[in-house]
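[1] Predicted model follows, preceded by the sequence.
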Amino acid sequence: MIDNHDIIAAPATATGGAISVVRVSGEGSVECCDRIFRGRMRLADSAPGTVRHGCIVDGDRVVDDALVSVFRAPHSYTGEDSVEISVHGSRYIVSEVLRLLLGCGARMASPGEFTIRAYLAGKMDLSQAEAVADMIASDSKAAHALASTQMNGGYSASLQALRTQLLDASSLLELELDFSEEDVEFADRRELTSMIERLLDKVRGLVGSFSTGNAIKEGVAVAIVGRPNVGKSTLLNRLVGDERAITSDVAGTTRDTVEACCDIDGVRFRFIDTAGLRATDDEIERMGIERTRKAVADANIIISMSEGEDSRERVDVSDDQMLVEVVNKADLLPDDARDGDDGTLYISAKSGEGVDELIYRIRSAVDTRMVYAGETVVSNARHCDALLRSATALERSLDALRCGLSNELLSEELREVLNALGEITGEVTSDDILQNIFSKFCIGK
Ligand code: GDP
């Protein structure tokens, strides 16, 4: 359904820059562009991989000066003949170029269609194609490193060898099924068990990396909670260095959650200043409090802020959340009131005292060593789901081996593992899965 090579075109850059690029790909795309290009030489006569200077024309009218790159199949992003037209970054010029291309037989590309073609041409596996979107969206050093490893085939590298071994073992088991009356054993059960255990180890490790990977990709969510007026907004402003949240000494000023981001040592953090947790009759404030609860439930890190014992709120955290207890307005406290070895941090959001230590603790909660070492860290929920399914099937196949269950059952479990792992890189896929993944891309990717 989506495997065709007609000519597609789309802007590849956002408007507002000095230059815009229009991408064209498909059989006949170079000839199509020649119909709107005027230069010293026809694009079709140019060597592959060259850039030609000329004009984009509508009949006799010159639309703009252009630099046009010509790529020939299979040496292009999509694996097809492709052209990239660079013009001045005007919305009008880009729409004119597209209008002219559509008049010459091209059609508008759908979201992610260039990358779908690259995937279908075998230029990249599915997880690499997804990493293209992550790479474009990456806004920190760590998110970039994560996408980079995946784009360079991290999954294939970490799973392919084990998957191939499993495939071999599975074929031997299938063979045994064919000879079931003769009671033969082609697949060594001890070897098979140890291989499944190794694979399970690997898969569990990858699943375990998801919470870190996902937090790095989406921005680590830090909810600042506490009663009204303890200084949450003041802290947020200090952390992000920007007057994002309104501060005042009237309790209940922050009626909704306010979010602001900043980069701490290569990791993007999303700080969420929440509405004070106090009982209220005010409907709008109550909605804010509901959002607070959701922000707290979704946060990776929770800063529970108080002005001391009396104003401390009880905050329930789950196993995978980190809680930092903070007493604010330390500047108003006598020195001997700051004792306590329960890990509580005394800060002054107003003067900045103790805030560096708070930043250090928050940053230390995110372990980026694996990411920077180029190891595969899972950041995509679809991959995590497939890995969880394969882990469950691996556990069941170990049980089947231990209990000496039938070969049919064992074979079925191993097939399930192979399918689930194959979904990640796209060896096993369907048009529905592809449509679903690529529809989230933007046009021109
Ligand atoms: P929120 O309701 O928790 O967001 O509290 P705000 O950030 O709006 O702060 C409430 C009041 O406390 C404001 O007048 C702030 O200036 C003041 N405040 C915040 N942090 C400190 C601090 O560290 N020391 C002192 N003395 N006052 C603070």
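    All right, it came through fine.
[2] for the chain, longest helix please?
    helix 154-178 (DSSP state H).
[3] so where is the stretch 101-250 of the chain shaky, pLDDT-wise?
    180-187, 242-250 (pLDDT under 70).
[4] What segments of it are helices?
    113-120, 126-137, 141-151, 154-178, 189-208, 210-218, 232-240 (DSSP state H, counting those that start in this stretch).
[5] The longest one vs helix 189-208, what angle?
    Between the direction of helix 154-178 and that of helix 189-208, the angle (axes from the mean of the first three to the mean of the last three CA atoms, to 10 degrees) works out to 150 degrees.
[6] Report the angle between helix 154-178 and helix 126-137.
    Using the same axes, to 10 degrees: helix 154-178 against helix 126-137 is 160 degrees.
[7] How far off centre is helix 154-178?
    In terms of CA atoms, centre = their mean, to the nearest Å, the centre of helix 154-178 is found 28 Å from the chain centre.
[8] Can you give me the buried ones in it?
    Residues of helix 154-178 classed as buried: 154-156, 158-159, 162-163, 165-166, 169-170, 173-174, 176 (neighbour count, 16 or more other CB atoms under 10 Å). No exception for glycine: its C-beta is placed from N, CA and C like everyone else's.
[9] TSV for the helices of the stretch 101-250 of the chain, including distance to N300?
    Shown next, in TSV, are these (distance: least, CB to CB, whole Å):
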stretch	distance to N300
helix 113-120	30
helix 126-137	18
helix 141-151	14
helix 154-178	23
helix 189-208	15
helix 210-218	5
helix 232-240	15
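[10] between these, which one is nearest to G266?
    helix 141-151 (3.5 Å; CB to CB).
[11] Which strands or helices does the closest one pack on?
    In terms of contacts (3 or more CB pairs under 8 Å, 6 or more residues apart in numbering; DSSP states H and E), helix 141-151 is packed against helix 126-137, helix 210-218, strand 267-273, helix 369-372.
[12] Can you tell me which of the ones you listed is packed in deepest?
    Ranked by mean neighbour count, those are led by strand 267-273 with a mean of 24 (mean count of other CB atoms under 10 Å).
[13] Just want the angle from that one to helix 210-218.
    Using the same axes, to 10 degrees: strand 267-273 against helix 210-218 is 80 degrees.
[14] What helices and strands are in contact with strand 267-273?
    Looks like strand 267-273 contacts helix 141-151, helix 210-218, strand 220-226, helix 232-240, strand 258-264 (3+ CB pairs under 8 Å, 6+ apart).
[15] is it true that S69 touches T50?
    Yes - counting by CB atoms under 8 Å, T50 is a contact partner of S69 at 7.4 Å.
[16] Quick check: phi and psi at N300.
    phi -80, psi -40 (degrees, to the nearest 10).
[17] Tell me which stretches of the stretch 1-150 of the chain form strands.
    8-11, 19-25, 37-39, 50-58, 61-71, 82-88, 107-108 (DSSP state E, counting those that start in this stretch).
[18] Next, format the ones you listed as a markdown table and append distance to the ligand and mean neighbour count.
    Shown next, in a markdown table, are these (distance: least, CB to the nearest ligand atom, whole Å; neighbours: other CB atoms under 10 Å):
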| stretch | distance to the ligand | mean neighbour count |
| --- | --- | --- |
| strand 8-11 | 42 | 25 |
| strand 19-25 | 43 | 22 |
| strand 37-39 | 59 | 17 |
| strand 50-58 | 54 | 15 |
| strand 61-71 | 51 | 18 |
| strand 82-88 | 47 | 22 |
| strand 107-108 | 47 | 14 |
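[19] With distance to L418 as extra columns, can I get the ones you listed in TSV?
    Below are the strands of the stretch 1-150 of the chain laid out as TSV (distance: least, CB to CB, whole Å):
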stretch	distance to L418
strand 8-11	34
strand 19-25	33
strand 37-39	49
strand 50-58	44
strand 61-71	35
strand 82-88	34
strand 107-108	37
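[20] out of these, which comes closest to A145?
    strand 19-25 (25.9 Å).
[21] Make CSV from the helices and strands packed on strand 267-273 and add distance to A106 to it.
    Shown next, in CSV, are the helices and strands packed on strand 267-273 (distance: least, CB to CB, whole Å):
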stretch, distance to A106
helix 141-151, 28
helix 210-218, 34
strand 220-226, 42
helix 232-240, 44
strand 258-264, 38
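[22] closest to V132 out of these?
    Comparing the helices and strands packed on strand 267-273 by CB to CB, helix 141-151 comes nearest, at 6.6 Å.
[23] Return the distance of that closest one from the chain's centre.
    9 Å.
[24] Show residues contacting that helix.
    Applying CB atoms under 8 Å, 6 or more residues apart in numbering, the external contacts of helix 141-151 come out as 124, 127-128, 130-132, 134-135, 137-138, 213, 216-217, 266-268, 366, 368, 371-372, 374-377, 379-380.
[25] Only C-alpha atoms, please: export it in PDB.
    C-alpha atoms of helix 141-151 as PDB (Å, rounded to 0.1, in the frame of the first residue of the first chain):
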ATOM      1  CA  LYS A 141      23.300  16.600  24.800                       C
ATOM      2  CA  ALA A 142      21.900  13.400  26.400                       C
ATOM      3  CA  ALA A 143      18.800  13.200  24.200                       C
ATOM      4  CA  HIS A 144      21.100  13.700  21.200                       C
ATOM      5  CA  ALA A 145      23.400  10.900  22.300                       C
ATOM      6  CA  LEU A 146      20.400   8.600  22.900                       C
ATOM      7  CA  ALA A 147      19.000   9.200  19.400                       C
ATOM      8  CA  SER A 148      22.400   9.000  17.900                       C
ATOM      9  CA  THR A 149      23.100   5.500  19.200                       C
ATOM     10  CA  GLN A 150      19.700   4.300  18.000                       C
ATOM     11  CA  MET A 151      20.100   5.900  14.600                       C
END
